[in-house]
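>>> Build me a structure from this.
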Amino acid sequence: MGVINTNISALRAANASVSAEKMQGVAMERLSTGKRINGAKDDAAGLAISTTMTSDIRAMKQGIRNANDGISLAQTAEGALDEVTNMLQRVRELAVQSKNGTYSTSDRTYMDAEVDQLQAQIDDVLTNTKFNGVTLFSKTSGTDVSVSVATGSTGTVTLTSKGIDGTKLSTTALDVTDATKAATTITNVDAALTAISDTRGTLGAGQNRLESAIANLTTNSTNLSDARSRIMDADYSAETTALAKAQILSQASTAMLAQANQSQQNVLSLLR
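The predicted structure is shown next:
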């Protein structure tokens, strides 16, 4: 039946052309951005899930950076304590030497002068060792530094440097001018060495926890990134196929639209 007022074929062809253009636009956007979801209209639920995943991934990466900073802090502290340990061992060596009765008062005076220099250097290290402005040691009490390695509001690793009694490292406590004072110096040095060993052990345990946290966060971040990719990222093979299909449909619908419009001319020719 020939109809003049309403060209159904042309309308259908026009609708098909519009749909093909939309398909083509979507495929081109996904291919150009590399994303399957470019807005909530593409997949509202997927966008919400991927946004949460992105927040967790970024928090994990910051946790990794925090843990690496904590390890650097612990290494700085341990390096300083290693130097202090070496100096204290030299002080103890001089104290043991001073206890030997074969040395004169003058000899012990020279030994004590070296002890004083070592004590001053030990004091300087304990006072001035810092990491990013954070004082790492106290000669009266312990120093705690909390390192956040969690993605939420909780989850920290505490690095602790125990206090080293300053009275046991003073110029009066470290004295080798006679055998009796040298014996006291040995006792004080041994106490300081024990405190330093305890602190180094605590710092080492903290470093191990941080390294474990880094490994765990790295694995979780990688897995979550992979999951987010499956939701957000475009499949280039599928989108290339979709684009080719849309282009073919667009060309076909345009051709059919021309044919449908031509049918009106055929009806008109019947009236001539």
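>>> Which SSE is immediately downstream of the longest helix anywhere in the chain?
Secondary structure assigned by DSSP state H gives helix 44-99 as the longest helix of the chain. Reading on from helix 44-99 to the C-terminus, the next helix or strand found by DSSP states H and E is helix 105-128.
>>> what's near enough to touch residue 239?
Contact analysis of residue 239 by CB atoms under 8 Å, 6 or more residues apart in numbering lists 27, 30-31. C-beta coordinates here come from the backbone N, C-alpha and C atoms, glycine included.
>>> Inside helices: which ones of the residues you listed?
When DSSP H defines the helices, the subset of the contacts of residue 239 inside them is 27, 30-31.
>>> Kindly indicate which of those residues lies nearest residue 204.
residue 30 (50.7 Å; CB to CB).
>>> Report the helix or strand with the lowest average pLDDT across this protein.
Ranking every helix and strand in the chain by mean pLDDT, DSSP states H and E puts helix 236-270 at the bottom, with a mean of 70.
>>> Can you tell me the SS state at residue 145?
strand (DSSP: H, G, I helix; E, B strand; the rest coil).
>>> Residue 158 now?
Put simply, residue 158 is strand when judged by three-state DSSP.
>>> same thing with residue 42?
coil.
>>> Next, the contact list for it, please.
Contacts for residue 42 (CB under 8 Å, 6+ apart) come out as 26, 36.
>>> and the gap between it and residue 72?
Residue 42 sits at a distance of 43 Å from residue 72 (criterion: CB to CB, to the nearest Å).
>>> ditto for residue 249
For residue 249 relative to residue 72 (CB to CB), the value is 59 Å.
>>> The two: which is more packed in?
Neighbour comparison, residue 249 and residue 72: the larger count goes to residue 249, with 17 against 14 (by other CB atoms under 10 Å).
>>> ok, for that one, nearest residue in space, not its chain neighbours?
Distance criterion CB to CB, 6 or more residues apart in numbering; nearest residue to residue 249, sequence neighbours excluded, is residue 20 at 3.9 Å.
>>> For the one you found, the count of nearby residues, please.
Applying other CB under 10 Å, we find 20 residues neighbouring residue 20.
>>> Secondary structure of residue 138: a strand, I assume?
No - applying three-state DSSP, one finds residue 138 to be coil, outside a strand.
>>> Give me the pLDDT value at it.
In the predicted model, residue 138 carries a pLDDT score of 70.
>>> again with residue 21
Per-residue pLDDT puts residue 21 at 78.
>>> ok, back up a step: rebuild the ones in helices among the contacts of residue 239 as TSV, extending it with pLDDT and neighbour count.
Listed next are the ones in helices among the contacts of residue 239 as TSV, based on pLDDT from 0 to 100; neighbours: other CB atoms under 10 Å:
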residue	pLDDT	neighbour count
27	80	21
30	80	23
31	84	15
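>>> Make a markdown table out of those residues and add distance to residue 231.
Listed next are those as a markdown table, based on distance: CB to CB, whole Å:
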| residue | distance to residue 231 |
| --- | --- |
| 27 | 18 |
| 30 | 13 |
| 31 | 18 |
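>>> Among these, which one lies nearest to residue 232?
residue 30 (10.7 Å).
>>> where's that closest one relative to residue 219, distance?
Distance, residue 30 to residue 219, by CB to CB: 30 Å.
>>> Kindly report the same for residue 34.
Separation of residue 34 from residue 219 (CB to CB): 25 Å.
>>> Could you check how many residues crowd around residue 89?
Residues lying near residue 89 (other CB under 10 Å) number 13.
>>> For it, which non-adjacent residue is spatially closest?
Nearest non-adjacent residue to residue 89, counting by CB to CB, 6+ apart: residue 193, 7.5 Å away.
>>> Flag the shaky bits of the stretch 151-272 of the chain, pLDDT-wise.
Scanning the stretch 151-272 of the chain with the threshold set as pLDDT under 70 gives 151-155, 161-172, 255-258, 260-272.
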